[in-house]
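Visitor: need coordinates for the below:
(chains A and B)
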Amino acid sequence: MTEIDTLQDANGLSERRPVEHQVGAEAMIQITDMNKWFGSFHVLRDITLTVHKGERIVVCGPSGSGKSTMIRCINRLEEHQAGSIVVDGIELTEDIKKIDMIRREVGMVFQHFNLFPHLSVLENCVLAPIWVRKEPRRQAEERAMALLERVKIPEQAKKYPGQLSGGQQQRVAIARALCMNPKLMLFDEPTSALDPEMIKEVLDVMVQLAESGMTMVCVTHEMGFAKTVADRVVFMDDGQIVEQAPPSTFFTNPTSDRTKLFLSQILKH
Amino acid sequence: MAQTPTTGAAAETFRPIAPRPPPSSAVGPLRWARDNLFSSPLNVILTLIGLYLVWLIVPGVIDWAILSADFTGSTRDDCPSDGACWVFILQRLDFFIYGFYPDAERWRVDVMFLMLAAVLVPQFIPGFPARGRTWLGIFGLTLYPVITGVLLLGGLFGLPFIETGKWGGLMLTLVLSYVGIVAALPIGILLALGRRSSMPVIRTICVIFIELWRGVPLISVLFMASVMLPLFLPEGVNFDKLLRALIGIVMFQSAYMAEVIRGGLQGIPKGQYEAASALGLGYWRSTALIILPQALKMVIPGIVNTFIALFKDTTLVLIIGLFDILGTVQAAIVDPAWGRVAVEGYVFAAFCFWVFCFGMSRYSQGLEKKLHTGHKR
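Guide: Next comes the predicted model:
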């Protein structure tokens, strides 16, 4: 326990209580027996995972364990070859219309931000609402400004991504995803490319988002974040889900020896 | 001592050192000359050789082109001095600009020039409203070629028909290169996208098209267009020689353009495609809004390079009997009434080309600067 507390201190999250919220009974994501290969390499093996509405899942595991690939299958940035993925009642198939419908409802934040460097922060945020949701520009800009306010960088709206720090860029990326009013947010190692001083500002925004009741799936190594925010921690290794449990059980009483090994490795320092 | 973390006592306040200007010995023209011209013995020698060459060449050129040159008059007899006979250029200027276009109809060409200036000049004025600039640009790329085509060709709205065989000089050069540039860019973009398409049929067609046109010299393309093509067409079907040359130039240059643009497309990180997809943007929207703006910006130097090459390549239409500006100059300098004016003629033609190519080069540099959105270095 003390080891975990030390980790939390590093990110200043230990003062927070685990976030109170309601988890719905309806499934937001239903992954059943999903398999994926890169060529002949079997990256994901028999993945079965249910995420309920309002639930916050943290996915962790060593690098190369397939956690990023799995999360990228949820909005079809990667194609799965067997099994099924149902997001918000729509099954992901090759049907491009269905893929677009799902992508409209699912926001994604990447490790390397992937902001559009030729557009200003505000333009980054309003692009998809205007072109995909067909919103009037005025309305889209008003909401974008409100969201930039929420991630605490409204004063950067006219700047270009290249002029911002990594932490600011990642917060813009979160605001950009939120501008589409998503029902589900996917985070693919959002703090891995950031300097230590900037990790906290991004995690703060993510905690705040969790408090608002957003359904979230986060691939992250921030165990402090997992402890405070997650309803369930999913541990992956070698392309499969080894164990999933609420953080209290996961960190203190893991069942699998692989999980124990992993936890002992990351909590050593 | 103060730098080490204090444990018990109050921490010392961190005060950043205020920035200071560099010492005066590190700036100024003398310093610049020492750093760049006389920094080493070899550099000193090279500088002196350079200065000697300048002294050798520049006074002679100035003397020939300006000091001993003749500017006024109307015939060869008005050029008695050793210098350049600019009288010849001035007297034949109409021919160099309009070719064989009938005198009475030359206002139509003037309108074309004026409209071109109206489209282009605001693009160089920094203070011009951006919206107006954009609309002028769109007009220049779409309506302008159509309007100009109708205007120059005539046969409509009571304008007498002027066959393209009478077009010539600077006007023909501009028509060829403008149409070439305006048509080659979009076709090149489509070809580049097609070559990277995931659909094998489209990809193969684009690869074959690009490699075919890139693999032959422009001269042979023009010969094919002017001599061979009519042989293959059914009898009675005959379309204009200028149009055939234009199509040849456009096809040829669009293949080059496609490869330049493909270079830009390959420079776009995968994350940009993924971010666009994740936001629900489809192929065409993400291409038009995210990928192309960045890819084109990245390859502006390459695109302008192709434009400049195209502009100069238009002189090759000479071999199929069309007289561009160089063609008209060559036709004029053999006129025995003017004696030896070849140098003046070629210098004038070179100067015309240089003005346009340098303009394009400057424009592209300005554009690059304007579109730069990262940290200024």
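Visitor: can you give me how far the helix or strand harbouring residue B:355 is from the chain middle?
Guide: Secondary structure assigned from DSSP states H and E places residue B:355 in helix B:342-371. Centre-to-centre, helix B:342-371 and its host chain are 7 Å apart (CA atoms, centre = their mean, to the nearest Å).
Visitor: stretch A:177-187 too?
Guide: 9 Å.
Visitor: the strands in the stretch 251-377 of chain B, which residues?
Guide: B:323-324 (DSSP state E, counting those that start in this stretch).
Visitor: up against chain A, what does it have?
Guide: B:269, B:271-272, B:274-282, B:285, B:289-290, B:293-294, B:297, B:371, B:373-375 (CB under 8 Å from any CB of the partner chain). Placement of C-beta: from N, CA and C, glycine included.
Visitor: got the confidence number for residue 268?
Guide: Let's take chain A. In this model, residue A:268 is scored at 66, pLDDT.
Visitor: look at chain B instead
Guide: Looking at residue B:268, its pLDDT reads 92.
Visitor: number of nearby residues for the residue of the stretch 51-200 of chain B found nearest chain A?
Guide: As assessed by CB to the nearest CB, chain A sits closest to residue B:198 within the stretch 51-200 of chain B, at 12.3 Å. Neighbour count of residue B:198, defined by other CB atoms under 10 Å in any protein chain shown: 7.
Visitor: try residue B:361
Guide: Using other CB under 10 Å, residue B:361 is surrounded by 15 other residues.
Visitor: please apply the same query to residue B:280.
Guide: Using other CB under 10 Å, residue B:280 has 24 neighbouring residues.
Visitor: chain center to the host helix or strand of residue B:49, what's the gap?
Guide: Residue B:49 belongs to helix B:41-62 when assigned by DSSP H and E. The chain centre lies 31 Å from the centre of helix B:41-62; the measure is CA atoms, centre = their mean.
Visitor: what lies in contact with the helix or strand that that helix is followed by?
Guide: Going down the chain from helix B:41-62, the next helix or strand is helix B:86-98, by DSSP H and E. Here helix B:86-98 makes contact (CB atoms under 8 Å, 6 or more residues apart in numbering or on different chains) with B:69-76, B:78-79, B:106, B:109, B:168-171, B:325, B:328-329, B:331-332, B:338, B:341, B:344-345, B:348-349, B:352.
Visitor: re the thing from before, buried residues in the helix holding residue B:355?
Guide: The neighbour-count check on helix B:342-371 (16 or more other CB atoms under 10 Å in any protein chain shown) flags B:344, B:345, B:347, B:348, B:349, B:352, B:353, B:356, B:357, B:360, B:363, B:364 as buried.
Visitor: quick one: contacts for the last one?
Guide: With contacts defined as CB under 8 Å, 6+ apart, residue B:364 is in contact with B:300, B:301, B:303, B:304.
Visitor: same check, this time on the third one
Guide: Contacts of residue B:347 were listed using CB under 8 Å, 6+ apart, and they are B:65, B:84.
Visitor: and chain A, which of its residues are near chain B?
Guide: Near chain B, when you scan chain A using CB under 8 Å from any CB, you find A:75, A:77, A:96, A:100, A:103-104, A:106-108, A:110, A:112, A:114-118, A:127-128, A:131-132, A:160-163, A:176-177, A:180.
Visitor: what secondary structure does the residue most central in space within chain A sit in?
Guide: Central residue of chain A (CA atoms, centre = their mean): residue A:187, 2.0 Å from the mean position. For residue A:187, the assignment made with DSSP: H, G, I helix; E, B strand; the rest coil gives strand.
Visitor: now do the SS call for the residue nearest to it when sequence neighbours are not counted.
Guide: Nearest residue to residue A:187, sequence neighbours excluded (CB to CB, 6 or more residues apart in numbering or on different chains): residue A:218, at 4.0 Å. Put simply, residue A:218 is strand when judged by three-state DSSP.
Visitor: wait, doesn't residue A:218 sit right on residue A:206?
Guide: Yes: contact criterion CB atoms under 8 Å: residue A:218 and residue A:206 qualify, at 7.2 Å.
Visitor: which neighbours do these two have in common?
Guide: Common neighbours of residue A:218 and residue A:206 (CB under 8 Å, 6+ apart) are A:187, A:190, A:225.
Visitor: mind putting those in JSON lines, pLDDT included?
Guide: Supplementary listing: the shared contacts of residue A:218 and residue A:206 in JSON lines, determined by pLDDT from 0 to 100:
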{"residue": "A:187", "pLDDT": "94"}
{"residue": "A:190", "pLDDT": "91"}
{"residue": "A:225", "pLDDT": "89"}
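Visitor: ok, residue 218 - contacts?
Guide: Chain wasn't specified; assuming chain A. Contacts of residue A:218 by CB under 8 Å, 6+ apart are A:56, A:57, A:58, A:59, A:186, A:187, A:190, A:206, A:225, A:230.
Visitor: try chain B instead
Guide: So residue B:218 contacts B:248, B:249, B:252, B:313, B:316 (CB under 8 Å, 6+ apart).
Visitor: got a markdown table for these, with pLDDT and neighbour count too?
Guide: Formatted as a markdown table, the contacts of residue B:218 follow (pLDDT from 0 to 100; neighbours: other CB atoms under 10 Å in any protein chain shown):
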| residue | pLDDT | neighbour count |
| --- | --- | --- |
| B:248 | 87 | 24 |
| B:249 | 89 | 26 |
| B:252 | 91 | 23 |
| B:313 | 86 | 19 |
| B:316 | 87 | 21 |
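Visitor: per-domain residue ranges of chain B.
Guide: Per the record, chain B has its domains at B:38-66, B:162-327, by the TED database.
Visitor: right, so of those, which gets closest to residue A:86?
Guide: domain B:162-327 (18.2 Å; CB to CB).
Visitor: how long is that closest one end to end?
Guide: 19 Å (CA to CA, to the nearest Å).
Visitor: and if you look at stretch A:101-112?
Guide: 25 Å.
Visitor: next, the buried residues of it.
Guide: Neighbour count says stretch A:101-112 has A:102, A:103, A:104, A:105, A:106, A:107, A:108, A:109, A:110, A:111, A:112 buried, by 16+ other CB under 10 Å.
Visitor: make TSV out of the buried residues of helix B:342-371 and add distance to residue B:155.
Guide: Shown next, in TSV, are those (distance: CB to CB, whole Å):
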residue	distance to residue B:155
B:344	37
B:345	33
B:347	38
B:348	33
B:349	31
B:352	29
B:353	31
B:356	29
B:357	33
B:360	32
B:363	34
B:364	37
